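Colleague: only the shape, not the letters, is given here:
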């Protein structure tokens, strides 16, 4: 929608394009949008771009098929239930299950608190772009209960996926003595995806994190650092990604880590573009 | 106790044709095929139990999806990675800029990854509207929220999805390079 002065009514039309595509506009609104589209090439182009996204989304999601045995399983579950109607005992079991669920929900809330507290502190002191890396470290490395035992290389390679499997040995080679990668995987936190290496040594925990840059996100060159609570967050741009080293090592050391790892990360991403 | 004949045949005729649609939606909402399978089985079990309250001629598909969503949202409370969605939405909205064009053709896998990365509430609304093609009013019933909430989730969810797909376009080198770093 750039490059030409907007036609009268574009804003109204664009706002309603998705509902127009989904066939969810009232007749009068629909007619209005259609009329606008007849005279506006920009909005017509936007409409066809959105239609394309919608169609591709549909075919991507619809390609997922239920596993072949599922229908038979459902039939047998329903038929066995039909043959033995719910008993008093079952109702007691259901009530007990509800109580267990409530208990679990309480536990879950209690566990989420420290993470949220740290992130709240971060929001005032860190640029949003640094919080992106901190969030994953907190959620995935700090507050999730990982076994402290390193996972086997083959498992790490599988969990990192073909694109990033080769990164772990390169990073391992750059680590200070006494540190090693204990986990490497793809994960998600707060609705975005991360490639995550968890490094441990001498009682310290360090995350090396990559996440695809969203439009408008960037450090704008250089290495950026901030401290929140006991954590040090260091971030920099690496090709299409935001890269982070998040840790509880001291600030100078933390910066040194990032400076050591940045060239390796950038070279790797260069070689594995896509 | 056996005054009514068993209605399993009727139930299966009405409900089973929707199994595949329920499964693919569960897979997107839960991000895991084993849990999607469990959710679908649980949905049919719950549906069967309340089938006597289901009125023939009303929308069986929407009724099943409502039970599915209820089941999924129950399941997902137990899962760690659904937390902190609210704050990330704010971060995402602060940082989102004008998107680059969406590329002509993307791998299904990339589209699913972008979709799966959306906050759960937005993802549910987008899948129900744009893939399963329920009306906004039906979605309000399925998600048990006011229609205004459906519309706002859809608008934010679709916008985020487009932005992420255009992020992909950039990483493919399709977007306009001059815009990079302008924020």
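Modeller: Cool, the structure landed. Remember, predicted model here, so these are calculated numbers, not experimental data.
Colleague: and the strands in chain A, which stretches?
Modeller: For chain A, strands defined by DSSP state E occupy the ranges A:180-189, A:192-201, A:204-212, A:224-228, A:231-238, A:241-247.
Colleague: to clarify, my last question referred to chain B.
Modeller: Under DSSP E, chain B gives no strands.
Colleague: the residue of the stretch 51-200 of chain A found nearest chain B: how many residues sit nearby?
Modeller: Going by C-beta to the nearest C-beta, chain B is nearest to residue A:190 of the stretch 51-200 of chain A, at 2.9 Å. All C-beta atoms are positioned from the backbone trio N, CA, C, and that covers glycine. Residue A:190: 26 surrounding residues under other C-beta atoms under 10 Å in any protein chain shown.
Colleague: repeat that for the one 5 residues further on.
Modeller: Each residue near residue A:195 was counted by other C-beta under 10 Å, and the total is 21.
Colleague: wait, isn't it in contact with residue A:186?
Modeller: Yes: Residue A:195 lies in contact with residue A:186 (C-beta atoms under 8 Å); the separation is 5.9 Å.
Colleague: any shared contact partners between the two?
Modeller: Common neighbours of residue A:195 and residue A:186 are listed as A:160, A:164 (criterion: C-beta atoms under 8 Å, 6 or more residues apart in numbering or on different chains).
Colleague: got a pLDDT number for the residue of the stretch 51-200 of chain A closest to chain B?
Modeller: Per-residue confidence at residue A:190 stands at 73 (pLDDT).
Colleague: likewise for residue B:60?
Modeller: 90.
Colleague: over to residue B:91?
Modeller: We have a pLDDT of 39 for residue B:91.
Colleague: wait, the residue of the stretch 51-200 of chain A closest to chain B touches residue A:135, no?
Modeller: Yes: contact criterion C-beta under 8 Å: residue A:190 and residue A:135 qualify, at 5.2 Å.
Colleague: confidence-wise, which of the strands of chain A is weakest overall?
Modeller: Confidence, taken as mean pLDDT, is least for strand A:224-228 of the strands of chain A (a mean of 77).
Colleague: give the other helices and strands that that strand contacts.
Modeller: Counting contacts by 3 or more C-beta pairs under 8 Å, 6 or more residues apart in numbering or on different chains; DSSP states H and E, strand A:224-228 is packed against helix A:88-125, helix A:128-136, strand A:231-238, helix A:251-271.
Colleague: and the ones you listed, which one averages the lowest pLDDT?
Modeller: For the helices and strands packed on strand A:224-228, mean pLDDT drops lowest on helix A:88-125, to a mean of 46.
Colleague: and the residue of the stretch 51-200 of chain A closest to chain B, its phi and psi?
Modeller: phi 50, psi 40 (degrees, to the nearest 10).
Colleague: now it: how far from residue A:225?
Modeller: 21 Å (C-beta to C-beta, to the nearest Å).
Colleague: could I get the full set of helices for chain B?
Modeller: Secondary structure of chain B (DSSP state H): helices at B:8-15, B:19-30, B:33-49, B:60-76, B:85-95, B:108-116, B:120-126, B:136-143, B:147-171.
Colleague: and the contacts of the second one?
Modeller: By C-beta under 8 Å, 6+ apart, the residues outside helix B:19-30 that reach it are A:61-62, A:64-67, A:70-71, A:74, B:33, B:35-37, B:39-40, B:43-44, B:61, B:64-65, B:68-69, B:72, B:75-76, B:112, B:115-116, B:120, B:123-124, B:127-128, B:131-132.
Colleague: just the buried ones out of those, please.
Modeller: Neighbour counting by 16 or more other C-beta atoms under 10 Å in any protein chain shown classes A:61, A:64, A:66, A:70-71, A:74, B:35-37, B:39-40, B:43-44, B:61, B:64-65, B:68-69, B:72, B:75-76, B:112, B:115-116, B:120, B:123-124, B:127-128, B:131-132 among those as buried.
Colleague: can you report how many residues lie near the residue nearest to residue A:150 when sequence neighbours are not counted?
Modeller: Computed as C-beta to C-beta, 6 or more residues apart in numbering or on different chains, the closest residue to residue A:150 that is not its neighbour in sequence is residue A:182, at 4.2 Å. Burial measure for residue A:182: 19 neighbouring residues, criterion other C-beta under 10 Å.
Colleague: was I right about residue A:182 contacting residue A:155?
Modeller: No: counting by C-beta under 8 Å, residue A:182 sits too far from residue A:155 to count as a contact (11.3 Å).
Colleague: contacting residues for the closest residue in space to residue A:204 that isn't next to it in sequence?
Modeller: The shortest distance from residue A:204 to any non-neighbouring residue, by C-beta to C-beta, 6+ apart, is to residue A:249 (5.2 Å). Contact partners of residue A:249, counting by C-beta under 8 Å, 6+ apart, are A:204, A:206, A:232, A:257.
Colleague: correct me, but the third one touches residue A:250?
Modeller: So the one you mean is residue A:232. Yes: Residue A:232 is in contact with residue A:250 according to C-beta under 8 Å; the separation is 7.4 Å.
Colleague: more neighbours: which of these two?
Modeller: Each of residue A:232 and residue A:250 has its neighbours counted (other C-beta under 10 Å); residue A:232 has more, 24 against 12.
Colleague: mind listing the residues bridging to that one?
Modeller: residue A:227, residue A:247 (DSSP bridges).
Colleague: how close does it sit to chain B?
Modeller: Residue A:232 sits 20 Å away from chain B, going by C-beta to the nearest C-beta, to the nearest Å.
Colleague: how about the nearest residue to the spatially most central residue of chain A, chain neighbours excluded?
Modeller: Centroid check for chain A by C-alpha atoms, centre = their mean gives residue A:192 as the closest residue, at 1.8 Å. Nearest residue to residue A:192, sequence neighbours excluded (C-beta to C-beta, 6+ apart): residue B:117, at 5.4 Å.
Colleague: what about the one you found, neighbour count?
Modeller: 21.
Colleague: that one and residue A:150, how far apart?
Modeller: Separation of residue B:117 from residue A:150 (C-beta to C-beta): 28 Å.
Colleague: and for residue A:66?
Modeller: 37 Å.
Colleague: residue A:69 too?
Modeller: Between residue A:69 and residue A:150 the computed distance is 36 Å (C-beta to C-beta).
Colleague: of those two, who's got more company?
Modeller: It is residue A:150, of residue A:69 and residue A:150, that has more neighbours when counted by other C-beta under 10 Å, with 15 against 9.
Colleague: for the more buried one, grab phi and psi.
Modeller: phi -60, psi 140.
Colleague: so who does it touch?
Modeller: So residue A:150 contacts A:180, A:181, A:182, A:183 (C-beta under 8 Å, 6+ apart).
Colleague: low-confidence stretches in chain B?
Modeller: Where chain B drops to pLDDT under 70, the residues are B:1-6, B:56-57, B:76-106, B:168-183.
Colleague: let's see it at 50
Modeller: B:1-5, B:79-100, B:174-183 (pLDDT under 50).
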